[in-house]
Each structure stands twice: as structure tokens, then as C-alpha cells.
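below are the sequence and a predicted model for it; my questions follow.
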Amino acid sequence: MSFQITVQPSGRQFSCDEGETILTAAIRAGVGLPYGCKNGACSSCKGKLLEGDISHGAHQEKALPVKEEQLGFALFCCATPHSDVTIEAREVAGIGEFPVRKMPTRVVKLDKVADDVIVLSLQLPANERLQYLAGQYVEFMLRDGKRRSYSMANAPYKDEYLTLHIRHMPGGLFTDQVFTTMKERDILRLEGPLGTFFLREDSDKPMVLLASGTGFAPIKALVEQCAHTGSQRPITLYWGGRRPQDLYMMALCEEWAATLPDFTFVPVISNAQPEDQWQGRNGFVHQAVIDDLPDLSAYQVYACGAPVVVESAQRDFVALCKLPAEEFYADSFTSEADLAS
């Protein structure tokens, strides 16, 4: 049995199999519903149920509070229909441009760029190239049907290989493997491209790029995209970490600041120690943006990293800095620990 999903205000329609989530069916049909984590943690896919009957699978209370659900809001990544339904959602143009594919990939290189970060370089099958938009991610298909998501750290035009930035999460099913047993020439299986975090190139607004930790990976891809296309939009990159070593590619960012037009780099450290001899900005990275740019009404913001950073930035930029809510684009890096909290 399948049900018909109608998206308003566009009027787009697609079918959803029994037991399938609305988001999964939309991705399969090439319909651009916004989404991020796909597991009920980030609220990027939140919309409204206008007609029909759905039930929600497991999700975080902060992503869909009970009061919002009672008002008809839904998380489409974990909403399963039980009838034909009509939903209200803002569709993302261009998301269906490249098909989602499953493919094998070979590990080419593992570069340890920090004590807890490895740059993983992957080679796709001969004569194949994964088509994607800078900022999107892939999912690794692991044992027992489990999956782990990582953003591409290079623009689609950049480099021979697909590169990902992997931070070690002790006890993590995938990251323990990357940091201990994985070796060159190992074969992995992935699916992609996924996600609606990518550059909106139909705008000439200045951009704030906000990253924490390995949230720098898709931000790096966005910068490379802008450099490749010769974008003239002013860009300010704020990258935050607890200690200076967390900014594991700071030299690259300084190179961009020296060579790219209208590009500014602001590193921010929240927990510098005396031995770090840190001379730069201190505090929370999103607060540095507020201090520097109290009026964001004419900007676009692209934020990526730890959920607490993304959520704080979205809340405060809109409430305090007059950022239009629709001009905040984010990819929240949720771990298994985040999902359990």
C-alpha cells in the first residue's frame, strides 16, 4: 500500500510506501524537502500537517516539542503517513538535480591532521564521479544496517578524490575503525549526495560562514565553490574551537584571507590554556559574530558544527541581529551521543 503526499504551496505530489517516512519518500522522488540529520534531532525538516493522519517515530523533544506537535507541526524525517496527507513545507530548489546513488569507494589516504581528526580520502569507481553540491554529505552503510553521515570537505570541482574530515568519537562504531583498523585500499560503501545544506547562488548578499570543530568540512567546500566560480560576494568565516589545535586547517584559512577577494577569517577559541599562547579572539564563536555584526539583516548565514552552536546561532542571530529566519542555512553534526540525550 502507498499513500499520496501533496506539498503546499507548490502542489508537488509523490507517493510514500506504507511504513516509509515522508522524507525518505521525498528524497526518492527527487522532491526537495529541507532536511539535515534525518533522525529527529535537528528540526531542519519541520513543517506542518494540513490534512491526513501521521505518526512520529523516535525524535528529540527539542526538535518537535509536544506543544508544536499539537499545533500540527511535524518532523518529516520520522513522520510515517497512515493516509493520503497534505503538508506545508518550503521546498529547496535544485535539490533533485543529482540522483542519490549507492556505490563502493576505496580508501586512498588517511591523513591525521590533529590528534582527533583524520582527513579521509576516497576514490570512487573508475569513470564515475559523485555529483553533488558543495556542502552536502554522504552516508556510510555499515554493519547491521547502521549508517554514519559525513560532509564532503571538497567542492565537486576540487581534487581527484572525495575528502571527509573524521573526528574521533571514542567508542564510535565508525570512528574507532577509522582511527585503529582502517587502512589504505579498504573498500567502503556509501550513499549520496544527501542534505539541503549548500550555497544559494541566486543571491548576492554577503555571507557569514560559521563553523565549529569539523563543521569546517562543508564550510571548506563552500569556500572552494565560491573561489571556483569567481564569486564576488563578501565572505567572513568564523571558525571556533576549544583549543587552537582544534582549528586543524587554520593555515589554509589564512591563505584564503591573503588571496581571495573580500574574504575575512576570524578564528575564535573558547578554552585557551596558558601554554597555547593564544593571541586571537576568545569566547563562543557565535558570540563573536554578534559582537562584530550586530545587524545581519542584509546577510546570509551558513552554519555547521555541534548542535549547541548551530541552535544558539540560529536563535540569537534572528532574535538579536535581525537576520531573516529564511537566510539561516545549517547542518548540525549530531552524534550518537547527541541522539541519546
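Everything's here; your move.

below-threshold pLDDT in this protein: ranges please.
94-96, 333-341 (pLDDT under 70).

wait, isn't residue 265 in contact with residue 247?
No. With contacts counted by Cβ atoms under 8 Å, residue 265 stays clear of residue 247, the gap being 9.9 Å. Backbone N, C-alpha and C define where each C-beta goes, glycine included.

contact partners for residue 214?
If you count contacts by Cβ atoms under 8 Å, 6 or more residues apart in numbering, residue 214 has them with 117, 165-167, 305, 333.

closest to residue 321 among those residues?
Of all those, residue 305 has the smallest distance to residue 321: 18.4 Å, by Cβ to Cβ.

can you report how many residues lie near the closest one?
Residue 305 has 27 neighbours, counted by other Cβ atoms under 10 Å.

can you start the count at 752 instead of 1 from here on
New numbering, starting at 752: the last item is residue 1056.

show me what contacts it?
Listed by Cβ under 8 Å, 6+ apart, the contact partners of residue 1056 are 961-967, 991, 1083-1084.

what does residue 791 give?
807-811, 814-815, 826, 828-829, 1090.

that one and residue 812: what is the separation?
10 Å (Cβ to Cβ, to the nearest Å).

helices of the stretch 752-901 of the chain, start to end?
773-780, 817-821 (DSSP state H, counting those that start in this stretch).

before we move on, the earlier item: and the two most separated of the contacts of residue 791?
Across those, no pair lies farther apart than 807 and 1090, at 14.9 Å, counting by Cβ to Cβ.

residue 1041 contacts residue 1068, correct?
Yes. Because the distance of 7.4 Å satisfies Cβ under 8 Å, residue 1041 is recorded as touching residue 1068.

who has more neighbours out of these two?
Ranked by neighbour count (other Cβ under 10 Å), residue 1041 and residue 1068 place residue 1068 first, with 25 against 15.

how about the more buried one, secondary structure?
Classification of residue 1068 by DSSP: H, G, I helix; E, B strand; the rest coil places it in helix.

how about it: what's its closest non-neighbour residue?
Leaving aside its chain neighbours, residue 1068 sits nearest to residue 1074 (4.1 Å; criterion: Cβ to Cβ, 6 or more residues apart in numbering).

which strand runs longest in this protein?
Under DSSP state E, the strand in the chain containing the largest number of residues is strand 852-865.

show me what that strand is in contact with.
869-876, 879, 881, 892, 912-913, 916, 929, 933-943, 996-997, 999-1000.

using PDB, write out every CA atom in that strand.
This file holds the C-alpha atoms of strand 852-865, laid out as PDB (Å, rounded to 0.1, in the frame of the first residue of the first chain):
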ATOM      1  CA  ARG A 852      23.300   6.700  -5.500                       C
ATOM      2  CA  LYS A 853      24.800   3.800  -3.700                       C
ATOM      3  CA  MET A 854      28.400   3.000  -4.700                       C
ATOM      4  CA  PRO A 855      31.600   1.300  -3.400                       C
ATOM      5  CA  THR A 856      34.600   3.500  -2.700                       C
ATOM      6  CA  ARG A 857      38.200   2.700  -1.900                       C
ATOM      7  CA  VAL A 858      40.300   4.300   0.900                       C
ATOM      8  CA  VAL A 859      43.200   6.100  -0.700                       C
ATOM      9  CA  LYS A 860      44.700   8.000   2.200                       C
ATOM     10  CA  LEU A 861      44.300   8.700   5.900                       C
ATOM     11  CA  ASP A 862      46.000  11.900   7.000                       C
ATOM     12  CA  LYS A 863      46.000  12.700  10.700                       C
ATOM     13  CA  VAL A 864      45.800  16.500  10.800                       C
ATOM     14  CA  ALA A 865      45.100  16.700  14.600                       C
END
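
so what are the sheet partners of it and their directions?
strand 868-874 (antiparallel), strand 938-945 (antiparallel) (DSSP bridges).

picking up where we left off before, what touches both of residue 1016 and residue 998?
Contact criterion Cβ under 8 Å, 6+ apart; residues shared by residue 1016 and residue 998: 990, 1004.

any idea how far residue 908 lies from residue 771?
From residue 908 to residue 771 the distance is 34 Å (Cβ to Cβ).

domains of the chain?
As recorded under automatic domain parsing, the domains making up the chain are 753-839, 852-945, 958-1091.
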